[in-house]
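> I would like to see how this sequence folds:
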Amino acid sequence: MELKHPAYPRITINQKVCLGKPCIRGMRFPVTTLLAYLAGGTSKEELLSEFPFLEQEDIYQALGFAARTMDDQYVSLQKSIFSTVPNPKQKDQQLLQANHSYPVWSPYDATDAAEVLMQTLE
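Purely as a prediction, here's the structure:
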């Protein structure tokens with residue numbers, strides 16, 4: 001089953017495509033790949049030339065999706081971030097209780113992200 005983000009319909013999640021990672025229009029082109037190219041200095045024009053199946057709106061929606069995801073999964077940083085916690089979700093709870101406010105990566109896997117998106121769509 002393919003899910004489309006309500007605000008970014010070009011961003012899809014399908015457990016059978018790229019292990020459920022958010023992708024561009026159901027293709028095997030993850031949002032993270034597009035973002036990595038941009039972060040590495042590849043211009044929008046170069047991306048569109050190198051990957052002719054991409055459209056300008058794909059890039060804009062991927063950036064918007066990434067920005068919104070960072071807002072939704074903003075996690076506080078504390079000293080115990082590197083402590084060993086057997087359950088990653090417990091670690092998230094520790095991070096959420098911190099006093100500092102720095103963005104850090106949240107250890108959700110693709111399945112958790114898809115579940116969160118499905119709950120949002122319900």
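> hey, let's count contacts and neighbours off CA atoms from now on
Fine.
> could you list the low-confidence segments of the chain?
Within the chain, the stretches with pLDDT under 70 are 72-122.
> mind listing the strands for it?
Ranges of strands within the chain are 2-4, 11-14, 23-24, based on DSSP state E.
> can you redo these as CSV with distance to residue 41?
Compiled in CSV, the strands of the chain are given as follows (distance: least, C-alpha to C-alpha, whole Å):
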stretch, distance to residue 41
strand 2-4, 28
strand 11-14, 22
strand 23-24, 20
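> so which of the ones you listed is the most packed in?
Neighbour counts (mean count of other C-alpha atoms under 10 Å) averaged over each of the strands of the chain peak at strand 23-24, with a mean of 26.
> sorry, back to before: closest to residue 52 out of the strands of the chain?
strand 23-24 (13.0 Å; C-alpha to C-alpha).
> run through who's touching that closest one.
For strand 23-24, contacts defined as C-alpha atoms under 8 Å, 6 or more residues apart in numbering pick out 10, 11, 12, 13, 29, 30, 31, 58, 62.
> quick check: phi and psi on the first one?
Backbone geometry at residue 10, expressed as degrees, to the nearest 10, gives phi -80, psi -10.
> looks like it contacts residue 25 (just checking).
Yes. Between residue 10 and residue 25 there is a contact under C-alpha atoms under 8 Å: 4.8 Å.
> what's the burial count for residue 15?
Using other C-alpha atoms under 10 Å, residue 15 is surrounded by 15 other residues.
> try the one 5 residues further on
Number of residues near residue 20 (other C-alpha under 10 Å) recorded here: 20.
> please tell me how far it sits from residue 46.
27 Å (C-alpha to C-alpha, to the nearest Å).
> was I right about residue 15 contacting residue 1?
Yes. Counting by C-alpha under 8 Å, residue 15 touches residue 1, with 7.4 Å between them.
> sounds good, over and out.
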